[in-house]
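In: need coordinates for the following:
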Amino acid sequence: MPVISAPEASAGPADVYDIYGSVTDVLGNELAGVTVRNGGQVTATDAAGDYRLGQTATGTFTLRASRSDLAAATRTVDILVPQDTRADFVMLYAHQPTLSPNLLSTAEQAVTVAVEVTGTAPDPDDTCVWLRHGDQETQAAQIPGVSPPRWETELVIPQGTAEGLHRVDHWAEVCSTGEVISWVGHANYEVDNTAPTLSAPTPTSWTKPEAIIGVTAGDLVGVDTARSYLELDGTQLNGSWTGYRLQASTSALEPGTHTARAVIRDYAGNTNDITWTFTVDPDAPELTGPSPTGTIEGSQDSTPTLSVHAEDRASGIASSSVQMWISRGPLRTRVDAVYNRASDAITYQVPDQPRGIGVGQGPLLPGSYTVEVQVADRVGWTAATSWTFEVEGPPPVFGSEPRVLSVI
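Out: Numbering: from 1, shown residues only. As a prediction, this is how the structure comes out:
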């Protein structure tokens, strides 16, 4: 509480009066350079710890005293009659702690936290700094020959300490008397025992020799990107982060199976890793043995089976990619070819009865035909081929008269 003294004579005219006083620590030492505010009025204590603020009215005033190394103090002063009024401050020192690390994991072992406390004191050599962590109190040791004074100690955080924020209290005393000269300050450290989550590793089956190795990572306290990495066949890759995904581009990979690994670390020190394999497919499929070729006799075989052998020695043909077209002159029709994985054959049976108006959707008329086939394997390599054949002989008869139906 402020100390309100008896009136003193004003230094100014009779209608001008001041709020004044002194600022000391709890030991009575004068404190210079302390800022004292009353609303918009600001002053600072002199070398003797004294201050003075001019006033011109009665009322209630809230004063605030502050200095960077002191705990700020607030005082309310009631001035009932125009007169100089005294309001003294007794202030506590405010020390600043640093905990390193202040984010840690105790999932696998105990962790030692270095604590350093910085602050001022009337006699640093007779100042003891204490820390309270849970039910344990520890005295910090003064670091000799530094300014401002600093004290240091260590706290051992046991293995299995619960996740969340934990508080460390700190204060200063006069060693010789035990008198507290600072406020009780607080510092926090956070325990995170949960490792990062890893998902969506790529590639996981087949890929081309040019591949992007990647994994997505998530963590509540944040992924330590500088200490996380990708490996391929035991060699660390030069990866980069895009959001929560770590990726690295590779080229000219050898055919066969490769092993990828991601090692992801969070800022608390928790680590998670994942290993997966994939296989490189270096080549496109091969299309061989087209049939029929040359000339066929329409009167004997106007409904041939169109076929080609499709082989891919690695990832295999993607059935959904198989496409076949038949064209006669300017007319071209896509037909429903079938891929047989067991025999590697792509086939289309020309029907003996019309099933549509397109080329190849009924018995073939005499003329020249072109067959086109396109496929892709499971990694995206594509292959295409085409061949021609001739149909000779009289046109097929449907019912009582011939019909020619075809579309592009």
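In: find the centremost residue of this protein, please.
Out: Nearest to the geometric centre of the chain sits Tyr244, at 4.1 Å (Cα atoms, centre = their mean).
In: now do the residue nearest to Arg52 when sequence neighbours are not counted, the pLDDT please.
Out: Once flanking residues are discounted, Arg52 sits nearest to Tyr20: 4.1 Å by Cβ to Cβ, 6 or more residues apart in numbering. Heads up, the C-betas are built off the backbone N, CA and C, glycines and all. On pLDDT, Tyr20 comes in at 94.
In: distance of the residue nearest to the centre of the chain from Gln236?
Out: Separation of Tyr244 from Gln236 (Cβ to Cβ, to the nearest Å): 20 Å.
In: next: Thr35.
Out: As for Thr35, its distance to Gln236 is 55 Å (criterion: Cβ to Cβ).
In: same question, Ile346
Out: From Ile346 to Gln236 the distance is 44 Å (Cβ to Cβ).
In: neighbour-wise, which of those two wins?
Out: Between Ile346 and Gln236, counted using other Cβ atoms under 10 Å, Ile346 has the larger neighbour count: 23 against 12.
In: can you tell me the strand partners of the helix or strand hosting that one and which way each runs?
Out: With secondary structure defined by DSSP states H and E, Ile346 is part of strand 345-349. For strand 345-349, the paired strands and their directions (DSSP bridges) read strand 305-311 (antiparallel), strand 338-340 (antiparallel).
In: from those, which stretch is densest packed?
Out: Greatest average neighbour count among the strands paired with strand 345-349 goes to strand 305-311 (a mean of 19), per mean count of other Cβ atoms under 10 Å.
In: quick one: distance of it to the chain centre.
Out: What separates the centre of strand 305-311 from the centre of its chain is 50 Å, taken as Cα atoms, centre = their mean, to the nearest Å.
In: also stretch 69-82?
Out: Relative to its parent chain, stretch 69-82 has a centroid offset of 49 Å by Cα atoms, centre = their mean.
In: what do you get for stretch 216-231?
Out: 7 Å.
In: what does that stretch contact?
Out: Residues external to stretch 216-231 that are found in contact with it (Cβ atoms under 8 Å, 6 or more residues apart in numbering): 103, 190, 192, 194-200, 213-215, 236-237, 239, 241, 244-248, 260-268, 270, 272.
In: try 6 Å
Out: 192, 196-200, 213, 236-237, 239, 241, 244-245, 248, 261-268 (Cβ atoms under 6 Å, 6 or more residues apart in numbering).
In: for stretch 181-193, same thing?
Out: Under Cβ under 6 Å, 6+ apart, the answer for stretch 181-193 is 26, 71, 92-95, 97, 99, 102-103, 105-107, 161, 163, 165-172, 221, 268.
In: now the strands paired with strand 345-349 in JSON lines, with mean pLDDT and distance to Trp276?
Out: Formatted as JSON lines, those follow (pLDDT from 0 to 100; distance: least, Cβ to Cβ, whole Å):
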{"stretch": "strand 305-311", "mean pLDDT": "98", "distance to Trp276": "28"}
{"stretch": "strand 338-340", "mean pLDDT": "97", "distance to Trp276": "29"}
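In: tell me which of the ones you listed lies nearest to Ser291.
Out: Ser291 sits nearest to strand 305-311 of all those, at 4.9 Å, using Cβ to Cβ.
In: the closest one: what's the following helix or strand?
Out: Next in line after strand 305-311, if elements are assigned by DSSP H and E, sits strand 323-328.
In: now do the contacts for Thr259.
Out: Thr259 makes contact with 233, 277 under the criterion Cβ under 6 Å, 6+ apart.
In: pLDDT score for it?
Out: Thr259 is given a pLDDT of 98.
In: and if you look at Val263?
Out: Reported pLDDT for Val263: 98.
In: mind checking which helix or strand the residue nearest to it when sequence neighbours are not counted is in?
Out: Nearest non-adjacent residue to Val263, counting by Cβ to Cβ, 6+ apart: Asp273, 4.5 Å away. Counting by DSSP H and E, the element that carries Asp273 is strand 271-280.
In: what does stretch 154-166 rub up against?
Out: By Cβ under 6 Å, 6+ apart, stretch 154-166 touches 106, 109-114, 133, 188-193.
In: now, of these, which are buried?
Out: Among these, the ones that count as buried by 16 or more other Cβ atoms under 10 Å are 106, 111, 113, 133, 189-193.
In: for Leu99, which residues count as its bridge partners?
Out: Beta-bridge partners of Leu99, as defined by DSSP bridges: Val115.
In: that one: neighbour count?
Out: Per other Cβ under 10 Å, the neighbour tally for Leu99 reads 18.
In: over to Tyr17?
Out: Tyr17: 24 neighbours (other Cβ under 10 Å).
In: against Arg341, how distant is it?
Out: Tyr17 is 103 Å from Arg341, where distance means Cβ to Cβ.
In: same check on Asp123?
Out: Distance of Asp123 to Arg341, computed by Cβ to Cβ: 89 Å.
In: ok, these two, which is more surrounded?
Out: Between Asp123 and Arg341, Asp123 has the larger neighbour count (other Cβ under 10 Å), namely 13 against 10.
In: how about Thr60, nearest residue that isn't a chain neighbour?
Out: Using Cβ to Cβ, 6+ apart, the nearest residue to Thr60 is Asp78, at 5.2 Å.
In: isn't the one you found right next to Gly59, touching?
Out: No. Using Cβ atoms under 6 Å, Asp78 makes no contact with Gly59, being 7.9 Å away.
In: and Thr118, how many neighbours does it have?
Out: If you count neighbours by other Cβ under 10 Å, Thr118 ends up with 17.
In: picking up where we left off before, and the contacts of the helix or strand encompassing the residue nearest to Arg52?
Out: According to DSSP H and E, Tyr20 maps onto strand 17-25. Residues outside strand 17-25 that contact it (Cβ under 6 Å, 6+ apart): 10, 30-31, 34, 45, 49-50, 52-55, 65, 82-90.
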